[in-house]
Every structure is written in C-alpha cells, then in structure tokens.
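> no FASTA, just this:
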C-alpha cells in the first residue's frame, strides 16, 4: 500500500507565549500543498526499512514513521511485520512539515492496511504524540492551528487557481535557534479576520520568526523580496524556515534567478 505525504505552508505564524512545559503557544493557518514524498508499506515476514531520494539523516529509531509504527503496535498486539520504504522528496528542516507528514501518513496507512477502523480523532491523538505539526496532516485540509500546533479548527480558505513557488536556499535553521530570536507577544490582529481579506495579507499576515531569521540570514529575506518584485500577491517564510513561498495570480514568467536553489512550482 502506498501514499504520498504532502508538505504544508503557514499563512501567518503568531508566537503568543511560552508554556510551562517548554513549548510555545502559537496560532497559524496551515495549508497543504502538492509537494510530496512517497511512502510504501508491504506486509513481510521480517521488518525492514529503506529510503531513496533525498538523504534521510539521523538514527532510524528517531524517524517519525518508525515511531508511528511503534505506537500502533504497542496498542494493537500481534500485528504483522512491515517492509517500509520512504522516497524523500520534501526538503528536510525547511519549514514544510515533511517529516511530520510522513509520520501522520504512516498512521493513516497502518490504519487502512491493518483494518483498525480508527477515526480521525484517535489518529490525531496518536499524531500528537509524534510531534506538534503531525495532527494537521490527518485531515490534511486548511486549518487554524493553536496550542503547540495540535489544536486544530478547519478554516474556509481556498487558494485554488493560484500559482505557488517554493524556494529553499539549503540553509538549515534549527527550531531552537528560531525560537531563541522571538519574544512572544499577544497577536496584534485576528488571524481569521485577516485571512478573509487578501489585500491585508502582505502587511498583516506575519510570520513572527522572520525578523530574527532574516537578520541572521539576509539571503532568506532576499528571496521574499524577489517574490514580491516578481509579482507575488503574498510571500512569507514557511514555519521556522528556511523555505520561502510566493503566491501568484498568474504563472511567473521566469524563475531562472533561483537556479542554484531547490525550486518547486505548482498551480493550486
């Protein structure tokens, strides 16, 4: 059985306060986009794990796909072994939620493969144990994320017909570094209200990570400025970066000035 875990972008990202558990209260609109990995699970006599595409660094036991398998098998004993293969296409550490998507899609795949009949609520509960962004990918529709990202509410938002351009300069921005540059504060605007009026997006739909990260990595800010000069109606860094996305009403004429970066373009 195969599925295609997709990335996400953030329309606005407000860092509201520091929690006692060490996490931060956030508020953001997350939107799925059609940049995907490929995840395959096959019943086998012996468990195995392989990857292709982009390199997947780190200890396999820390991979969210294998953590998802462990969570399910802890609660449902006697399940058969799996050969799991991941073809990695979404850049890692890029603010696109690729790892979170892989973990969440693994839960959905196992739910279908093993006929567990778990509804979205229980899958989201499992996903929240994997990571803050993981529950979003269970329903995988535009949603307002609150709490540490796991409290979700669907939002009436469509980017259909827009052109999306992603540019990743290959700069790794660690989550710890990103939060270290932010001073949490009350949101200056209501996110849902701003989302209703696209004319307000450029000035008011802000990612609170941007000021400090742009100061440390001016080349990331330069990508955002180039998006606007190329005709984007909205551009922002996604998550904690370093990917910058631009939304256009029409297909951009040329993207050759980013030929040394990872570039993805799609009509939504």
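Perfect, I can see it now. Small disclaimer: the values here were computed from a predicted structure and weren't measured. Residues are numbered from 1 along each chain as shown.
> what comes up buried for stretch 260-268?
For stretch 260-268, burial by neighbour count (16 or more other C-beta atoms under 10 Å) applies to 261, 262, 264. The way it works is simple: take the backbone N, C-alpha and C, and place the C-beta from them, glycine included.
> List the contacts of it.
With contact meaning C-beta atoms under 8 Å, 6 or more residues apart in numbering, stretch 260-268 is reached by 33-35, 91, 159-170, 223, 251-252, 255.
> Now intersect these with the strands, please.
Members of those lying in strands (criterion: DSSP state E): 33, 34, 35, 163, 164, 165, 166, 167, 168.
> Buried subset of those, written for ChimeraX?
Here is the ChimeraX command that selects the buried residues among these (16+ other C-beta under 10 Å):
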select :33,35,163,164,165,166,167,168
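> So what's the residue count around the closest residue to residue 134 other than its chain neighbours?
In space, and not counting its chain neighbours, residue 134 is closest to residue 127: 3.8 Å by C-beta to C-beta, 6 or more residues apart in numbering. Residue 127 has 28 neighbours, counted by other C-beta atoms under 10 Å.
> Now name the helix or strand holding residue 127.
Assigned by DSSP states H and E, residue 127 belongs to helix 120-130.
> In that helix, which residues are buried?
Within helix 120-130, the residues scored as buried using 16+ other C-beta under 10 Å are 123, 124, 126, 127, 128, 130.
> For the residue nearest to residue 134, list the residues it contacts.
103, 104, 107, 134, 135, 137, 138, 150 are the contacts of residue 127 under C-beta under 8 Å, 6+ apart.
> May I ask which two of those residues are separated the most?
Within those, 107 and 150 form the most distant pair, 13.8 Å apart (C-beta to C-beta).
> These two: who's more crowded?
Taking other C-beta under 10 Å, residue 107 and residue 150 do not tie; residue 107 has more neighbours (29 against 19).
> quick one: the helices in the stretch 51-200 of the chain?
In the stretch 51-200 of the chain, the segments counted as helices under DSSP state H, counting those that start in this stretch are 64-75, 98-113, 120-130, 136-139, 175-180, 191-195.
> Would you mind pulling up the elements that the second one packs against?
Right, the one you point to is helix 98-113. strand 2-3, strand 6-18, strand 38-44, helix 64-75, strand 81-88, helix 120-130, helix 136-139 (3 or more C-beta pairs under 8 Å, 6 or more residues apart in numbering; DSSP states H and E).
> Just want the angle from the second one to helix 98-113.
Which is strand 6-18. If you take axes from the mean of the first three to the mean of the last three C-alpha atoms, to 10 degrees, strand 6-18 sits at 120 degrees to helix 98-113.
> Using neighbour counts, pick out the buried residues of strand 6-18.
Buried, per 16+ other C-beta under 10 Å, within strand 6-18: 6, 7, 8, 9, 10, 11, 12, 13, 14, 15.
> and which of those is nearest to residue 200?
Out of these, the member with the shortest distance to residue 200 (by C-beta to C-beta) is residue 12, at 10.5 Å.
> ok, that closest one to residue 209 distance?
Residue 12 is 11 Å from residue 209, where distance means C-beta to C-beta, to the nearest Å.
> thinking again about what came up before, relative to residue 234, which of the ones in strands among the contacts of stretch 260-268 is nearest.
residue 164 (10.4 Å).
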